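> structure for this input, please:
(one chain, ligands or ions: 1)
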Amino acid sequence: MVDSQPFLSPSRDVLLPTSYGSLHDGADKPDRRRRRPIKGLVAVASGLLMVALMAAIFGTKIRHEDPTNGNVSTLSSSTLREQPAAVTVKPLSRGVSAGVSEKTNRLFGGENSAAFPWNNSMLSWQRTAFHFQPEKNWMNDPNGPLFYKGWYHFFYQYNPNGAVWGNIVWGHAVSKDLIHWLHLPLAMVADQWYDQNGVWSGSATILPDNRVVMLYTGSTNESVQVQNLAYPVDPSDPLLIKWEKYSGNPVLVPPPGINKKDFRDPTTAWLTSEGKWRIIIGSKINKTGISLVYDTLDFKTYERLDGILHGVPGTGMWECADFYPVSEVSNEGMETSANGLGVRHVVKASLDDDRHDYYAIGTYDEKNSKWYPDNPKIDVGIGIRYDYGIFYASKSFYDQNKRRRILWGWISESDSELADVRKGWASLQGIPRTISLDKKTGTNLLQWPVEEVESLRLTSSEFNDVQVTPGSVVPLDIGTATQLDIVAEFEMDKKALEETAKANYTEFSCSISGGAWQRGALGPFGLLVLADDIRSEQTPVYFYIVKGSDGNLKTFFCTDQSRSSVASDVNKQIYGSFVSVLEGEKLSVRILVDHSIVESFAQGGRACITSRVYPTRAIYGAARIFVFNNATEATVTTSLKIWQMNSAFIRPFHPEKKRPSN
Ligand code: DQQ
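I've put the predicted structure just below:
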């Protein structure tokens, strides 16, 4: 059944719409399936967990029924007493004086508005169940991902002392499948003059004889950005637990003309036809973001090549640059040194100025160490983004195990720093994505959650050919909706499409066009995730079709956070972008919901939006999902399959106690 005024103020008296399936009766039951970290139990349970972890890693699906670990009601009952008074605190600036941008959310809720009285139940709910997170404290960029001797290695920027950026060292974890992880001891700490102010981002290169070298940026005792070399102490150790820094570090210092705080984040090296290893390092000159190029034979001494690989005026400092080949013919990934016929090259830069990751596809001229974008109008930093929500400082690597290129991205918090400090943690890594060239358009990449995430799928609900009339909202009865993998297709009424094609051109942009509450002839329509029954909180993920200035219909893909939470001290931006929909294609979306993260992939991964949302009511057993159509003219027909998702095992591992088998 439908709600004919789906987006009226949430505070009105709402009659519950009839469920499309049978109505769920457990709105307030805690979700007992999920395992929650409760500190006091961790030590006692660690032995059991290890056994279970290894079972999970080797393929056994385990459901989490243990009420002692997931007893949300206990948390809830204690919460009212814990509600703090509204707080007024001025946020500290972090990072800028050290020579990186503001890494911490400036939202505080203290200066312009009162901080929401978050309670422990709400805050604990935000922790994810199948995304990579350290046990506690602050994390940012992915570093040096690689596959080695049967294990995926993941390193990351980590503050061992708190939930804010600072004291940066390298955290380290390993996995058999990119989903279940063992936390290992820190790989590198700030123990040398050349990285005393931080062991910053870097990349791994696997040499043809299987040796691993790691290049990373150190912020020196004087906050100069230099590049350093490190390698595993024991290459026969598949877990690569111990790392040694090269005695001749630093191997590179800022060259003449480059500011000492604008020289960072070396890439994975690739082989040139002359047999040298080549890397790029991000920098800027005035407001032009650039990538400096270096060749080396031994990773210890380097030759700086004339000019730059590429630069774009107005884009500012390029952080975490990435450079890699993609195949024009195959969907398999390409090893970083691959080149030749049928190969295009991607340049990615993380723009320090706007904190987004931009890429462009183009041609690599190896001889002259230059790269040219296919379309200068959508050059790096002024065109396409990996993700139109929160996604930064990403890094790709070639997975020789499954012959694919995988992309990791840092997903920061968008609540207040104060809330992060109370939670004791900040930031996630997005679900690793497989990336390949979109063969149909030839102009963009496709990004898709790695197939291993499907191993977490539990029970599923299917809804076929659901007709959603203009101005209606249809609840989907799937029970608790906090850990989901959703696949949906939408078809719009043909007559309405034709009529709109005749109508006047409409200006539209997700971010400034009034979100899911602005009604047009052909949109918005899509899903409401993390909504409570009366939709006092809801996060719409949706399409919006308009007639463009060129006379053609244009499709936009958006996520509207404006009503995602009743709290005021969280980011409520509306995200989105244009997405190509080719002749004969249906509109399609995949959404991963995992507590405070919603990752959405439209049209097979042509456009992606990651958001962090912090509901206060649509949590635990009260979280629901709806399909909606807020268009004025067209009925939408949708088919969906929705899986409940299991939790991943992400646990500490103490190598001195026990080693997992290979
Ligand atoms: N994060 C690191 C830097 C990098 C920045 C410091 C990007 O190496 O430029 O934590 O988020």
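> from here on, just use CA atoms for contacts and neighbour counts.
Fine.
> Leu522: how many residues sit nearby?
By other C-alpha atoms under 10 Å, 27 other residues sit near Leu522.
> where does Phe628 fall, secondary structure wise?
strand 624-629 (DSSP states H and E).
> now the element after that strand, going C-ward?
Downstream of strand 624-629, the first helix or strand assigned by DSSP H and E is strand 636-645.
> so that following strand versus strand 624-629, what angle?
Strand 636-645 and strand 624-629 are oriented at 160 degrees to each other (axes from the mean of the first three to the mean of the last three C-alpha atoms, to 10 degrees).
> mind checking how far strand 636-645 is from the chain centre?
In terms of C-alpha atoms, centre = their mean, to the nearest Å, the centre of strand 636-645 is found 22 Å from the chain centre.
> again with stretch 130-141
Centroid separation for stretch 130-141 versus its chain: 12 Å, with C-alpha atoms, centre = their mean.
> so where is the stretch 51-200 of the chain shaky, pLDDT-wise?
51-91, 108-114 (pLDDT under 70).
> flag every residue of it that's near the ligand.
By C-alpha under 6 Å from any ligand atom, the residues of the stretch 51-200 of the chain that approach the ligand are 141, 157, 200.
> so which of the residues you listed wins on neighbours?
Trp200 (28 neighbours).
> could I get the one helix or strand it maps to in CSV with only the CA atoms?
In this assignment (DSSP H and E), Trp200 forms part of strand 199-206. This file holds the C-alpha atoms of strand 199-206, laid out as CSV (Å, rounded to 0.1, in the frame of the first residue of the first chain):
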residue,chain,number,x,y,z
VAL,A,199,55.0,7.1,9.5
TRP,A,200,52.8,8.3,6.7
SER,A,201,51.3,6.8,3.7
GLY,A,202,53.1,4.5,1.3
SER,A,203,52.8,1.6,-1.1
ALA,A,204,54.2,-1.9,-1.6
THR,A,205,56.0,-3.3,-4.6
ILE,A,206,56.5,-7.1,-5.1
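> how about the residues of the stretch 501-650 of the chain by the ligand?
So the stretch 501-650 of the chain never meets the ligand (C-alpha under 6 Å from any ligand atom).
> can you give me the strands in the stretch 501-650 of the chain?
522-531, 539-547, 553-560, 574-578, 587-594, 597-602, 607-612, 624-629, 636-645, 650-652 (DSSP state E, counting those that start in this stretch).
> and the helices in the stretch 251-400 of the chain?
Applying DSSP state H, counting those that start in this stretch to the stretch 251-400 of the chain gives no helices.
> residue of it closest to the ligand, please.
Residue of the stretch 251-400 of the chain nearest the ligand, by C-alpha to the nearest ligand atom: Glu319 (4.4 Å).
> next, count neighbours for that residue.
Neighbours around Glu319, by other C-alpha under 10 Å: 32.
> that one: what's it in contact with?
By C-alpha atoms under 8 Å, 6 or more residues apart in numbering, the residues touching Glu319 are 264-265, 282-283, 349-352, 393.
> quick check: bridge partners of it?
Here Glu319 sits in beta bridges with Ser350, as judged by DSSP bridges.
> same check, this time on Pro449
Applying DSSP bridges, one finds that Pro449 bridges with Arg433.
> residues near it, how many?
Neighbours around Pro449, by other C-alpha under 10 Å: 22.
> how much space separates it from the ligand?
Using C-alpha to the nearest ligand atom, to the nearest Å, Pro449 is found at 22 Å from the ligand.
> re the thing from before, could you work out the most separated pair of the contacts of Glu319?
Longest distance between any two of those is 14.1 Å, between Ser283 and Ala393; criterion C-alpha to C-alpha.
> just give the closest residue to Val589, not the sequence neighbours.
Ala602 (4.4 Å; C-alpha to C-alpha, 6 or more residues apart in numbering).
> next up, the contacts around the closest residue to the ligand within the stretch 201-350 of the chain.
For the stretch 201-350 of the chain, the residue closest to the ligand is Ser201, as judged by C-alpha to the nearest ligand atom, at 4.0 Å. Shown in contact with Ser201 (C-alpha under 8 Å, 6+ apart): 141-143, 156-157, 216-217, 264-266, 320.
> can you give me the distance of Leu239 to His172?
To His172, Leu239 is 10 Å away according to C-alpha to C-alpha, to the nearest Å.
> need the overlap of contacts for those two.
Shared contacts of Leu239 and His172, counting by C-alpha under 8 Å, 6+ apart, come down to His153.
> nearest residue to the middle of the protein?
Gly430 (3.1 Å; C-alpha atoms, centre = their mean).
> which one is it nearest to, not counting chain neighbours?
Distances taken as C-alpha to C-alpha, 6+ apart put Gly409 closest to Gly430, at 5.6 Å, once the chain neighbours are dropped.
> can you check Ala173 too?
Once flanking residues are discounted, Ala173 sits nearest to His183: 4.4 Å by C-alpha to C-alpha, 6+ apart.
> how close does the one you found get to the ligand?
19 Å.
> which residues sit against the host helix or strand of that residue?
Using DSSP H and E, His183 falls within strand 181-188. Contacts with strand 181-188, where a contact means C-alpha under 8 Å, 6+ apart, come from 132, 134, 155, 169-175, 199, 241-243, 648-655.
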